[in-house]
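A.B. asks: Below is the sequence, then the predicted model.
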Amino acid sequence: MSRLPIYLRTLADLPPSQTTCSSEQMAALAGVNSAQVRKDLSFLGSHGTRGVGYGVLELRSQLRRALGLNTDYAVIIVGAGNLGAALSNYGGFETWGFAVVAIVDADPAKIGTEVAGIQVESIDQLEHIVAERSVEIAIIATPSRVAQDVANRVTGAGVRSILNFAPAVLDVPATVKVRRVDLSTELQILTYHLQQ
């Protein structure tokens with residue numbers, strides 16, 4: 001359910017002293033209507049108290065459990081260029097249980113350098129790194145021309161989840177989940193709305 005991470009983020013943005021949150025407040029912060037919030041949360045088995053709302057700590061715990069965030073996930077970033085470096089420097093991954101355990105690249109000039117305190121390793125070691133560090137999620141931040149090859153290698157090594165920033169549609173086994181983040185497409189959607 002795509003709204004659950006939004007609800008979790010909403011709860012994280014509340015003041016630490018706030019112990020309850022109404023469906024109306026969550027709806028306003030999440031950009032949906034309150035009936036949708038109540039419906040979504042009822043699937044988790046969470047039913048707020050009328051006139052009071054939901055207990056923030058309990059609801060946060062339920063959302064984290066539903067999203068599988070009660071454990072940490074090892075992540076590899078493939079591509080240490082501008083985008084890969086920016087993603088590596090993002091401090092929010094660890095807050096949500098995602099540990100960047102490796103950054104790999106094919107460029108000899110980047111191998112051995114440090115990004116966000118992590119030494120960039122050779123893509124030649126990709127399969128070994130995935131196995132040795134129990135990598136579960138790969139972030140592909142490469143040029144589109146090599147993205148499919150990278151996807152083939154990480155899935156062949158056992159990675160079952162890919163976050164793809166390369167402007168390419170990946171062909172992966174049905175057992176592998178891919179989320180595509182295409183910034184140019186998102187900008188084009190915005191310009192479409194500007195024209196309306």
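C.D. replies: That came through, no problem.

A.B. asks: Which residue of this protein lies farthest from its centroid?
C.D. replies: In the chain, residue 51 marks the outermost C-alpha relative to the chain mean, sitting 33.9 Å out by C-alpha atoms, centre = their mean.

A.B. asks: Pairing partners for the spatially most central residue of the chain in the sheet, please.
C.D. replies: For the chain, the residue lying nearest the average C-alpha position, counting by C-alpha atoms, centre = their mean, turns out to be residue 163 (7.1 Å). Taking DSSP bridges as the rule, residue 163 bridges to residue 139, residue 179.

A.B. asks: List the buried residues in the lengthiest strand in the chain.
C.D. replies: Of all the segments assigned as strand in the chain under DSSP state E, the longest by residue count is strand 98-105. With burial defined by 16 or more other C-beta atoms under 10 Å, the residues of strand 98-105 counted as buried are 98, 100, 101, 102, 103, 104, 105. For glycine as for every other residue, the C-beta is placed from the backbone atoms N, C-alpha and C.

A.B. asks: cool, stretch 42-55 as well?
C.D. replies: Counting neighbours by 16+ other C-beta under 10 Å, one finds that the buried residues in stretch 42-55 are 46, 48, 53, 54, 55.

A.B. asks: Can I get it in PDB, CA atoms only?
C.D. replies: What follows is stretch 42-55, C-alpha atoms only, in PDB (Å, rounded to 0.1, in the frame of the first residue of the first chain):
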ATOM      1  CA  SER A  42      -8.100  -0.200   9.700                       C
ATOM      2  CA  PHE A  43      -6.300  -2.800   7.400                       C
ATOM      3  CA  LEU A  44      -3.400  -2.700   9.900                       C
ATOM      4  CA  GLY A  45      -5.900  -3.500  12.700                       C
ATOM      5  CA  SER A  46      -5.500   0.000  14.000                       C
ATOM      6  CA  HIS A  47      -8.700   1.700  15.100                       C
ATOM      7  CA  GLY A  48      -8.400   5.100  16.600                       C
ATOM      8  CA  THR A  49     -10.500   6.400  19.500                       C
ATOM      9  CA  ARG A  50     -13.300   8.700  18.400                       C
ATOM     10  CA  GLY A  51     -12.600  12.200  19.400                       C
ATOM     11  CA  VAL A  52      -9.000  11.400  20.400                       C
ATOM     12  CA  GLY A  53      -7.400   9.800  17.400                       C
ATOM     13  CA  TYR A  54      -4.500   7.300  17.100                       C
ATOM     14  CA  GLY A  55      -1.700   6.700  19.600                       C
END
